[in-house]
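Undergrad: Quick one, what's the 3D model for this:
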Amino acid sequence: MRYNPPPQGITLISMLSHLANPARFMRISGVALPWLGGVSLVVLVLGLFWSLILAPADYQQGESVRIMFIHVPSAWMALSVYLFVAVASAVALIWRHPLAEIAAQSAAPIGAAFTFVCLATGSLWGRPMWGTWWVWDARLTSVLVLFFLYLGYIALVNAFDDASRGGRAGSLLALVGIVNLPIIKFSVDWWNTLHQPASVMRLGGPTLDRAFLVPLLVMAAAFSLLFVTLLLAAMRNEILRRRLRSLQMMQARAFSSEVDAGSREKTVPFGAA
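TA: Below you'll find the model as predicted:
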């Protein structure tokens with residue numbers, strides 16, 4: 001398979017458009033997806049074994065600290081995936097990128113799943129630590145709003161018969177909702193909250209002990225690889241679905257034309273008999 005380089009003097013956006021052509025994407029992702037899936041599985045199994053079995057119990061939280069190895073990476077992915085959806089939506093609105101809209105719409109359900117896992121594991125951790133499943137805490141409430149933004153985006157994209165109108169409406173919602181990301185990030189600094197402050201991504205460096213930090217980062221890498229794998233698979237499915245829909249519409253129009261032509265041939269002009 002020969003690679004045709006883009007024309008000289010090409011811009012970054014044109015380069016991305018050249019490399020992300022749907023046909024090229026299907027070829028490249030078809031080769032990369034099995035490898036990504038295998039690596040994701042290996043890293044995920046390693047991370048789960050390290051965090052749930054090898055990592056020690058915390059002197060204060062006890063065995064409940066193991067929930068952190070699922071909860072924290074899920075929270076990171078919930079924010080990162082939404083940022084990805086917003087950026088892809090902006091590219092789709094401004095440059096009409098052929099794959100940007102598909103990428104945004106494929107990533108949204110995955111981000112919603114990560115957000116749900118974040119909320120569920122946070123509740124499981126909060127029960128023994130705070131004595132309650134849920135509090136209307138600034139961090140928890142803003143993450144719940146993020147979950148609703150994901151659901152709203154998915155519902156809005158599918159609310160129109162015209163797919164292009166649904167895509168534009170969903171892209172606008174994704175861009176508006178991005179204001180919630182800094183609120184989630186800095187809520188523990190701006191308001192009095194039960195949620196603990198950042199212990200990994202902070203200016204002074206991580207405060208976690210290495211025994212907890214390393215498996216936590218391995219799980220973060222596993223979730224990131226899992227996201228890329230699921231995203232590529234979802235995008236491939238969406239491209240194939242759109243191709244199938246286009247073929248069905250072409251066949252329907254061809255059949256309709258044949259029926260109209262046959263009807264005209266059978267029509268006898270008035271007074272011809």
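
Undergrad: Look up the pLDDT of Leu140 for me, please.
TA: What the model reports for Leu140 is a pLDDT of 90.

Undergrad: Equivalent analysis for the one 5 residues further on, please.
TA: Reading off the confidence values, Val145 has pLDDT 97.

Undergrad: Low-confidence ranges, the stretch 151-273 of the chain, go.
TA: 191-192, 194-207, 258, 260-273 (pLDDT under 70).

Undergrad: shouldn't Val228 be in contact with Gly37?
TA: No - taking contacts as C-beta atoms under 8 Å, Val228 lies outside contact range of Gly37: 9.8 Å. (C-beta placed from N, C-alpha, C; glycine too.)

Undergrad: how about Thr121, what does it touch?
TA: By C-beta atoms under 8 Å, 6 or more residues apart in numbering, Thr121 lies in contact with 67, 70-71, 74.

Undergrad: in stretch 111-127, what counts as buried?
TA: By 16 or more other C-beta atoms under 10 Å, the buried positions in stretch 111-127 come out as 111-115, 117-119, 121-123, 125-126.

Undergrad: Work out which residue lies at the spatial centre of this structure.
TA: Residue closest to the average C-alpha location in the chain (C-alpha atoms, centre = their mean): Ala107, at 2.4 Å.

Undergrad: Could you tell me whether that one really is in a strand?
TA: No - Ala107: not assigned to a strand; according to DSSP: H, G, I helix; E, B strand; the rest coil it is helix.

Undergrad: what's the pLDDT at it?
TA: Looking at Ala107, its pLDDT stands at 97.

Undergrad: Repeat that for the one 4 residues further on.
TA: The predicted local distance difference test score for Gly111 is 98.

Undergrad: ditto for His97
TA: For His97, pLDDT reads 82.

Undergrad: can you give me phi and psi for it?
TA: The phi/psi pair for His97 (degrees, to the nearest 10) reads phi -60, psi 130.

Undergrad: Let me know how buried Leu213 is, in neighbour terms.
TA: Counted with other C-beta atoms under 10 Å, the neighbours of Leu213 add up to 14.

Undergrad: so it sits in a helix?
TA: Yes - the assignment for Leu213 (three-state DSSP) places it in a helix.

Undergrad: Centre of the chain to whichever strand or helix holds Leu244, how far?
TA: Assignment of secondary structure by DSSP states H and E places Leu244 within helix 210-266. Offset of helix 210-266 from its chain centre (C-alpha atoms, centre = their mean, to the nearest Å): 14 Å.
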